[in-house]
Structures are given as C-alpha cells and as structure tokens.
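> here is the input, now give the coordinates:
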Amino acid sequence: MKAPVFNYHAPATLAQALELLSTQDNARVLAGGQSLLAMLNMRFAFPDTLVDINQLPELAYIREDEGGIGIGAMTRQREVEFSELVAARLPLWKEAVLNVGHRQTRNRGTVGGSLCQLDPSAEIPTVCMAMDAVLTVSSVRGERAIPMAEFPAAYMTPSMQADELLTRVQVQPWPASHGWAFLEFSRRHGDFAIVSCAVLLLLDEDGLVSRASITLGGVGAFPLRMSQAEAALLGTPAGPEDIARAADLCGQVEASSDSYVQGWYRQRLAKEYTARALRLALSRTGKRHE
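Numbers count the residues shown, from 1 in each chain. I've put the predicted structure just below:
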C-alpha cells in the first residue's frame, strides 16, 4: 500500500519545528522513520502533516553534563552503539542497543523516535525505565521534564501534548562498580522482544545488594519496573536462593496475550530471563568498565 496524502514540512530550526507543531492540526513528527513510514504505508496512521526534524543537528548529540549523560532525541541508534562515552558510563545502553533491529535500522532509527513510538517491546524505552531517565519535551510554551516512570500514558502513547516535541534524554550513570545485563527473547534476532529484561545491581563493601533495578519489556502495555523483586534483593548477597526469589516475583507479572504468545508463556520467560540477567549482572559487579 501507499501512504495517505499529507502535507510535508522540513523546518531548519527547532523554533520553526515547534511553531509548526503548534499551528498544524493532526501533525506527526518524522525522525528516523523506521516505525512511522511503515505505519503510513500500511494505513495505520493518517496524519494531515509531517514535520521532518532531520535538519535539526542540535538535537543529535551524546555528551556528559550536570553529572549525567545527555542524549539528543535525534541521536541515531548507531551513534549510541559506537559511542565510547556510552560504553564507559552506560554499558546497559550499549548492550541493549545491539538488540535493536539490524544495522540498517539502527543507522536511521533515533533515540527519541523509539521513545515516542513507545512500543512495549522496544529496547530503548526499557533501558530508560530501568535507569530512571528524565525526558525533556519542548513546545512554544517552553520546556518541561517528564520522569520516564510517568512518560507512558497508555499502550504506545506517551504523556505528551500534540504540540510537544521530545528533545532530550537525561540519564544518571550508576557507579563504575555496578553490574548490568540486558537479555531478550525474540523469534529471530532483530525482531521485537517477546520478553526482555534489563538489570542493574550495586553491591556494598560487605558484598550485599545496596541498589537494584529490574525492568521487564514486552510483558505489558509498556516497560515495567519490578519493584517487589528489587526490594527482595536488597541486603542479600544475591545468592541462588535470592535470585530465585526475585525471579519468581517477576514470573508473577500480569502478562499480556496476543495472537502469537500467551500470557502464561511470557510469565515463564520473565522468570527465566530475570534469573539469567541477575546472574550475569552479579558476575559483572566490581568490574570497572571505562
């Protein structure tokens, strides 16, 4: 099929882009286009206007500032994959982005596009949820910050106004001694995950878990932080029984069913992949990754 008729604008500045979003009805933003173009061609999306932001280089960067890592919304996924700063400070991102599609899709796909598409199986929203990222959205009224935990409004629907544009992702790195793991199960490499699991672990001087983050992707309407499983690990050495207990809690998640996979199968995958990810993350604790 062919895309429906739409008006096309390619603003040269961020101010122009925001002005277009504030004045054009039923407008969609075109970033990498890896999801939107397919939706247009299959007639799943019917925008009256496309605002192409590919000519806004000020939205494409990865840099360290304010004690964290700032990533522009137009940063290509390929840039995340090969960034030395990401590899050194955000190893979970590096591991996750290797599961995003294939080289061709990562060449064009953007960080902001993946977040705004908000597919529950997508890797970038999952790691943003795991790391408590803060997203900056802009409009002609100014900027506002949205914690990732508050970003999903519903299935594939971010909590943004129609005239707002995602411009920045701010991530606070964990200490260099933390352990990390991102694992996913999919039909084929490059497919969206049926279930994914992002884990971060930090041990204290006694070898006990002082901080934990466990996030499941693909099981519900958006990535889910498993707070009960995290709490179950705190103060433990993350031994086999501790990991099994946390994995059991993740296996009890209220998982969705669809035409391909039943909820009970996702629950089993959630339990197994949580256990695997926790063991891998634990093996990496105490190892510097600069």
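
> helices of this protein, start to end?
Counting by DSSP state H, the chain has helices at residues 14-23, 36-41, 77-82, 84-89, 91-97, 103-108, 111-117, 123-130, 227-233, 240-251, 263-284.

> who's in contact with stretch 42-61?
Stretch 42-61 is contacted by residues 1, 3-4, 6-14, 17, 20-21, 24-31, 36, 39-40, 70-76, 79, 112, 165, 167-168 when judged by Cβ atoms under 8 Å, 6 or more residues apart in numbering. C-beta here means a position set from N, CA and C on the backbone, and glycine is covered the same way.

> check which residues of it are buried.
Within stretch 42-61, the residues that count as buried by 16 or more other Cβ atoms under 10 Å are Ala45, Pro47, Thr49, Leu50, Val51, Asp52, Ile53, Asn54, Leu56, Leu59, Ala60.

> how about Trp264: what's its closest non-neighbour residue?
Distances taken as Cβ to Cβ, 6 or more residues apart in numbering place Ala255 nearest to Trp264, at 7.5 Å, with adjacent residues excluded.

> please disregard the earlier target; I meant Val195.
The spatially closest residue to Val195, leaving aside those adjacent along the chain, is Leu269, at 4.0 Å (Cβ to Cβ, 6+ apart).

> what ranges does the stretch 101-250 of the chain have for its strands?
Applying DSSP state E, counting those that start in this stretch to the stretch 101-250 of the chain gives strands spanning 134-139, 142-147, 152-154, 157-158, 165-171, 179-185, 195-203, 209-217, 224-225.

> now do the fifth one against helix 123-130, angle only.
Translated: strand 165-171. Interaxial angle, strand 165-171 versus helix 123-130 (axes from the mean of the first three to the mean of the last three Cα atoms, to 10 degrees): 50 degrees.

> still on that earlier bit, how about the strands of the stretch 101-250 of the chain in JSON lines, adding distance to Ser121?
JSON lines is the format used below for the strands of the stretch 101-250 of the chain (distance: least, Cβ to Cβ, whole Å):
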{"stretch": "strand 134-139", "distance to Ser121": "19"}
{"stretch": "strand 142-147", "distance to Ser121": "21"}
{"stretch": "strand 152-154", "distance to Ser121": "13"}
{"stretch": "strand 157-158", "distance to Ser121": "15"}
{"stretch": "strand 165-171", "distance to Ser121": "19"}
{"stretch": "strand 179-185", "distance to Ser121": "8"}
{"stretch": "strand 195-203", "distance to Ser121": "7"}
{"stretch": "strand 209-217", "distance to Ser121": "6"}
{"stretch": "strand 224-225", "distance to Ser121": "12"}
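
> hmm, back to that, tabulate the helices of the chain (a markdown table), appending distance to Leu216.
Formatted as a markdown table, the helices of the chain follow (distance: least, Cβ to Cβ, whole Å):
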| stretch | distance to Leu216 |
| --- | --- |
| helix 14-23 | 33 |
| helix 36-41 | 25 |
| helix 77-82 | 21 |
| helix 84-89 | 23 |
| helix 91-97 | 13 |
| helix 103-108 | 23 |
| helix 111-117 | 17 |
| helix 123-130 | 8 |
| helix 227-233 | 9 |
| helix 240-251 | 6 |
| helix 263-284 | 5 |
